[in-house]
Every structure is written in structure tokens, then in C-alpha cells.
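[1] prediction below, plus the sequence it came from.
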Amino acid sequence: MAEVETVTGPVGLGDLGTTLIHEHLKMRSEPTAEQFPHLYDDEEALRRATATARALVDQGVKTICDPSCLYHGRDVGFMKRVSEETGLQVVPCTGIYTYNELPQYFKNRDEDHMAEVFAHDIEQGIQGTGIKAAFLKCAVDEPGITDDVGKVLRACARASKNTGRPLMVHSHPATRRGLEIMDVLDEGAVDPATVQIAHTGDTDDVEYIEELLERGPFIGMDRYGIDLILAADKRNETVLTLLERGHADRMFLSTDACAEFDWFPAELIAQATPNWKSTYLFDEIVPQLREAGMTDDQLDQMMIENPRRWLGGN
Ligand SMILES: [Zn+2]
């Protein structure tokens with residue numbers, strides 16, 4: 001596959017450039033936003049997301065992957081407006097983000113149907129637009145691979161195999177979920193080189209991370225700024241250790257920040273995670289990692305080459 005779908009159409013793999021693999025332009029509690037729109041200010045959301053995108057472009061970021069899907073209030077029209085206004089390339093996905101429960105619609109239908117729905121977004125387009133999903137997204141968190149979560153994971157595996165698109169799985173490293181995820185994907189005969197285990201950088205347990213890397217996936221060191229889970233200096237130590245051990249070709253650096261985010265009151269987020277912004281990576285973290293010995297080649301590998309390889313399916 002020589003091209004990748006973005007919200008403004010396909011781009012060549014070689015034109016992705018510096019890519020943040022996990023950033024959200026807008027994340028909302030989907031049923032709440034649908035039913036109580038008076039709680040939201042859409043113009044302000046657009047202003048915020050556009051400001052973030054513009055700041056990233058100013059830092060030299062050319063592309064973001066926005067893994068917003070079902071339960072995040074995925075809105076590809078919004079992504080497209082932000083992309084058109086700023087020039088930032090935005091790569092969208094399809095999938096379901098749940099730690100436990102599914103919507104009744106999917107609860108009462110089988111995983112083959114779910115896989116077909118995902119394939120529709122990849123092959124036909126998302127939400128009645130011609131915008132096509134470039135990758136699949138699902139989640140396995142602390143509750144583990146429950147019946148419903150397993151169903152989503154297997155449906156994503158099937159859709160990934162059938163369409164040749166890569167798969168990003170949110171994980172919970174404190175419970176070593178990455179290994180269980182790989183067990184299910186191995187059973188589904190998914191090529192591990194198309195898999196990304198997101199949030200692996202939430203732990204500094206290098207032994208676990210190397211055990212996971214032996215299974216062949218890419219890993220997301222992708223939550224810089226969420227100090228409540230792991231402080232930046234610990235995240236850096238882990239990344240530097242993995243670089244020393246030769247794993248630059250498997251890691252992504254990102255922040256998982258959301259330009260517009262309704263899960264908590266805004267004041268609370270600003271107070272609890274003051275650094276959690278998409279621009280934090282190049283403002284603070286990259287200079288720190290460089291200072292500590294990360295080479296330009298290693299940075300390019302993580303920010304340019306690995307996104308190109310993962311999105312390209314190898
Ligand atoms: Zn995310």
C-alpha cells in the first residue's frame with residue numbers, strides 16, 4: 001500500500017513526514033454530546049483544535065493519527081475542517097473504544113457483522129462522507145478481555161486482516177494487558193507488524209515491555225504529559241533504556257492529548273495534568289531526550305519511519 005487515507009484524501013506514505021501517532025482533536029462523551037448539545041460550544045472546540053493543529057504545524061509536525069472512534073464522539077467533518085484550515089494531515093480510524101460494555105446494537109449481533117461495519121468505514125467511507133478510515137482501534141483496559149471487549153478485539157483483527165489496515169489497541173500495562181492482546185491477535189493470525197499496543201509507555205517495567213516487544217508489535221510511548229500515571233522523567237528513562245537496547249524501530253512518541261475534551265471539568269484537567277498538550281512532546285520532551293543522548297536518527301525512526309511502516313502495513 002503506497003498511500004494512506006487522511007481526512008482530506010489519500011497521501012503517499014512518503015509524504016506523512018513527522019507524525020504524532022496518537023493525538024485527539026476532539027473527544028466527547030458520545031451519548032451526552034448527542035443528547036445534551038447545550039453543554040457544548042462547537043465554535044470554541046473548533047477554535048481550540050485549530051490552535052493546537054497550527055501550533056503542531058509550527059513545530060514541524062506534518063501528520064497526526066486521531067484514534068477517536070465509537071464512544072469518543074468521532075467527528076471526521078470536524079477533523080477535516082481543522083485539517084483544511086491548518087494544513088495538518090489527520091489520519092482517522094474506525095473501531096470501538098470500550099473497557100467493558102458494548103452498545104445494545106453490537107451486543108446482540110455477532111463479531112462478523114461488527115467486522116463488516118469496520119470494513120465499511122475503511123472501504124466506503126465514514127459517516128456518509130468519502131473520508132476513509134486508515135486503521136482500526138479498540139481497547140483492553142484493567143477489566144481485561146471480557147466477552148464484549150474480546151468480541152471487539154476479534155472483529156478488529158478480522159477487519160484488519162481482510163482490509164490490510166493496521167490495528168491500534170489501547171492497553172493497560174499495569175496489568176500486562178499487552179501480552180493477552182497479542183494472544184488473541186496471534187489466534188486470529190494477525191501479522192504483529194501491523195499491530196500497535198498503545199500506552200505501553202505508561203509503565204517503566206522494561207522487562208514487561210521487552211516481553212511484549214518479543215511478540216512483534218509496535219508500542220506507543222504515547223502519553224507524555226499524563227504525569228498522574230507516570231511522570232515524564234520515568235517515561236524518558238524507559239524510552240532511553242529501550243533505545244539503548246536497540247528498540248527504536250518499534251516505538252512511537254506521542255501525548256494522547258485532546259484539544260477538546262469533556263471527560264472532566266476543564267479546571268480539573270488544567271490543575272491535575274498541566275503539561276498534557278499535544279505540543280508538549282516537541283516543546284519539552286524531545287529536547288530532554290536529545291540532551292540525554294537520543295540521536296537524530298533515532299528520533300526520525302520513531303517520528304517518521306515507524307509511522308510510515310505501521311500505516312503502510314509493514
Ligand atoms: Zn487516545
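    Thanks, I have the structure now. Bear in mind the structure is a predicted one, so any value in this text is a computation, not a measurement.

[2] count of neighbours near the residue nearest to Asp148 when sequence neighbours are not counted?
    Once flanking residues are discounted, Asp148 sits nearest to Leu102: 4.4 Å by C-beta to C-beta, 6 or more residues apart in numbering. The way it works is simple: take the backbone N, C-alpha and C, and place the C-beta from them, glycine included. Number of residues near Leu102 (other C-beta atoms under 10 Å) recorded here: 20.

[3] my guess is Leu102 meets Asn108, correct?
    No. The pair Leu102 / Asn108 is not scored as a contact, 9.0 Å apart, by C-beta atoms under 8 Å.

[4] pretty sure Gly220 sits against Val239.
    No. Contact criterion C-beta under 8 Å: Gly220 and Val239 do not qualify, at 11.3 Å.

[5] common neighbours of these two, please.
    With contacts defined as C-beta atoms under 8 Å, 6 or more residues apart in numbering, the residues shared by Gly220 and Val239 are 201, 251.

[6] buried sites along whichever strand or helix holds His120?
    Per DSSP states H and E: His120 is located in helix 111-123. For helix 111-123, a neighbour-count test (16 or more other C-beta atoms under 10 Å) marks 111, 114-115, 117-119, 121-122 as buried.

[7] hang on, the earlier thing: per-residue pLDDT of the residue nearest to Asp148, please?
    pLDDT, Leu102: 97.

[8] who's in contact with it?
    96, 148, 151-152.

[9] rerun that using 10 Å as the cut-off
    Counting by C-beta atoms under 10 Å, 6 or more residues apart in numbering, Leu102 makes contact with 70-71, 96, 108-109, 114, 146-149, 151-152.

[10] and the contacts of stretch 260-271?
    By C-beta under 10 Å, 6+ apart, stretch 260-271 touches 24-29, 32-33, 39-42, 44-49, 52, 72-73, 75, 78, 257-258, 272-273, 276.

[11] how about 6 Å then?
    By C-beta atoms under 6 Å, 6 or more residues apart in numbering, the residues outside stretch 260-271 that reach it are 26-29, 45, 48-49.

[12] what about the helices in the protein?
    Using DSSP state H, the helices of the chain run over 30-35, 42-59, 76-86, 104-107, 111-123, 147-163, 177-187, 206-213, 232-244, 266-272, 280, 286-291, 296-300, 306-312.

[13] so what pLDDT did His38 get?
    At His38, pLDDT is 98.

[14] against Pro10, how distant is it?
    38 Å (C-beta to C-beta, to the nearest Å).
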